[in-house]
Structure formats: C-alpha cells, structure tokens
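1. Quick one: sequence and predicted model below, then my questions.
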Amino acid sequence: MTDLSPPAVQPRASSLDPLALYASAIDTSDYAARVAPLILKLAADIGDLVDIGAGGGQLGAALLGKGRRWTAIEPASVMQARLAVRPERPEIIPFGWDDERVACEPADTVLAATMPGYFHDPGAFLDRCRQWAQRQIIWAVPAQNAPRGLILAACLPREWHGEDETPGIDLVLPKLGRDLPDRMGAIDWTFSLVLRDVPEFAAFQADRLGWAPDDPRCPELLDHLRKQAVPTEGGLRLSCHRRSAILVWTLS
C-alpha cells in the first residue's frame, strides 16, 4: 500500500535572520511597556540619551522625552535600518561600543540593555559608559535563570539547548567589585514571537542548535513548538517568561 502520510519536516536552509527575528519579537513583546516604567521610577529625568546597543529602539523610544536628543550606538545593519525609520529620528552611530571610531557627544543618560559588554568585562564597559554620561547610567540585565544565546531557548528542553542558565545579573555584579549601582530593581515581562510559519522557525532552531538535516529530533522539535504555539492575530505566538534587573548609577 502506498503511504500517503505527509513527510516529516526536516531542517532546511532558513532565510530567517536572528537579529531581525529578535527585533520583531521585541515589537510583539511587552518588554518596553514593562521595563520603561521601572526605569523611570528608579532614574531621574532621562533628558538627552545615549543608547548603547540600541537594537530596534523600542526601549529608547519609550524613555525619550519630547524634544530630547537620542544617540543610538548600534553596529548591526538590520537594527540600523529599523532605527532609521523611527519617527524620533535618532542619530545612528554604526559601530560597537568599543570601536575607536565612535565619536559620541555626552548626554544626560546612558542606557545599555542586554549588552554582551557587561557580561564579558563589566568594569571596562562601565568605564566606557561614564565617558558619555553626564548624570546617570542605566543597565537592563537579564535577572532570571534562563538561556540567553538562542531565541526562545526557554521553550526547549534543557537537554536540547545546553546553554548556561546562570542569571545574567549573577555574572555581572560580582565582576563590578565595589563599583556597584546606586539603585536596583527588577521587573517581569513576556518575550513573545509571532510566526506565520512554525516549520520554518523549527528549521531555524534546528540549524542554530547544530543539528544535521536528518537528526531524528527534528520532527520532535517541530511538534514541541506547535504544541506551545497559540493562535493570535497575525499568526502563531510562542512566548516565554523573562525578568530584567535595572541597575542605575548616579554620577556626581
């Protein structure tokens, strides 16, 4: 008898861009809506803003006061394109924070959210922030035990992604020594990605996990994601819990 059942979906070359995917997820998450009010509670008036690793600009725009200057230091071209069409029209500096070519006018506030710099060498990163801050420095750091390197890894079993689940805040604070923030707080939010094609995202995840196209876990991965996907306007939503710590330094 001929088997007419659909073939198992295997990973294929994916056109999905990790940064673009992450930016679209921040668009559909409550990140800025949840994090910005806590920042404004902990920090003084934001004033002019230097936004290091600005991404798509969602958090910076939520904090920016009317008529204030916004400088976005952002090396990724996909994020630069998003920033360029924002109505606030930030000045875009297309380099990383540690690039010697960065020429940045100091501002009242320096903001850095989910930046590799404060994981690798938070002391050096804080010193760099001080070069551009006149009144205060604000960091938003992952504060819960969750994977960071793979988009929606928290939706996958631990044995699949194998990532370090140490909370980011536990990696950052011990390395700061006595140079601890003046104020801290934490806020819960939900990371949500709306997809039109779950099989394509499953293939993307399998590729990021380093699985071969014929890995027997691939159909299981697709089934795992489909069971978690919730129908919503515009497609299917995959979500996971996030928690961010807000660190604020006040400069004399």
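-> Happy to help now that I have it. Numbering: from 1, shown residues only.
2. Only C-alpha atoms, please: export the helix or strand hosting D108 in CSV.
-> Assigned by DSSP states H and E, D108 belongs to strand 107-113. C-alpha atoms of strand 107-113 as CSV (Å, rounded to 0.1, in the frame of the first residue of the first chain):
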residue,chain,number,x,y,z
ALA,A,107,24.3,63.1,27.2
ASP,A,108,22.4,63.2,30.4
THR,A,109,21.7,59.5,30.4
VAL,A,110,23.5,56.4,29.0
LEU,A,111,21.3,53.4,28.5
ALA,A,112,22.5,49.8,27.8
ALA,A,113,20.1,46.9,27.6
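3. other SSEs contacting that strand?
-> In terms of contacts (3 or more Cβ pairs under 8 Å, 6 or more residues apart in numbering; DSSP states H and E), strand 107-113 is packed against strand 49-52, helix 58-63, helix 122-132, strand 133-142. C-beta: built from backbone N, CA, C; applies to glycine.
4. can you list contacts of stretch 230-237?
-> 28, 192-196, 198, 229, 238-239 (Cβ atoms under 8 Å, 6 or more residues apart in numbering).
5. so how far is it off the chain centroid?
-> Distance of stretch 230-237 from its chain centroid, counting by Cα atoms, centre = their mean, to the nearest Å, is 21 Å.
6. now the end-to-end length of it.
-> 5 Å (Cα to Cα, to the nearest Å).
7. try stretch 130-149
-> 27 Å.
8. quick one: it to chain centroid distance?
-> Using Cα atoms, centre = their mean, the offset of stretch 130-149 from its chain centre is 11 Å.
9. One more: stretch 234-242?
-> That offset, for stretch 234-242, works out to 15 Å (Cα atoms, centre = their mean).
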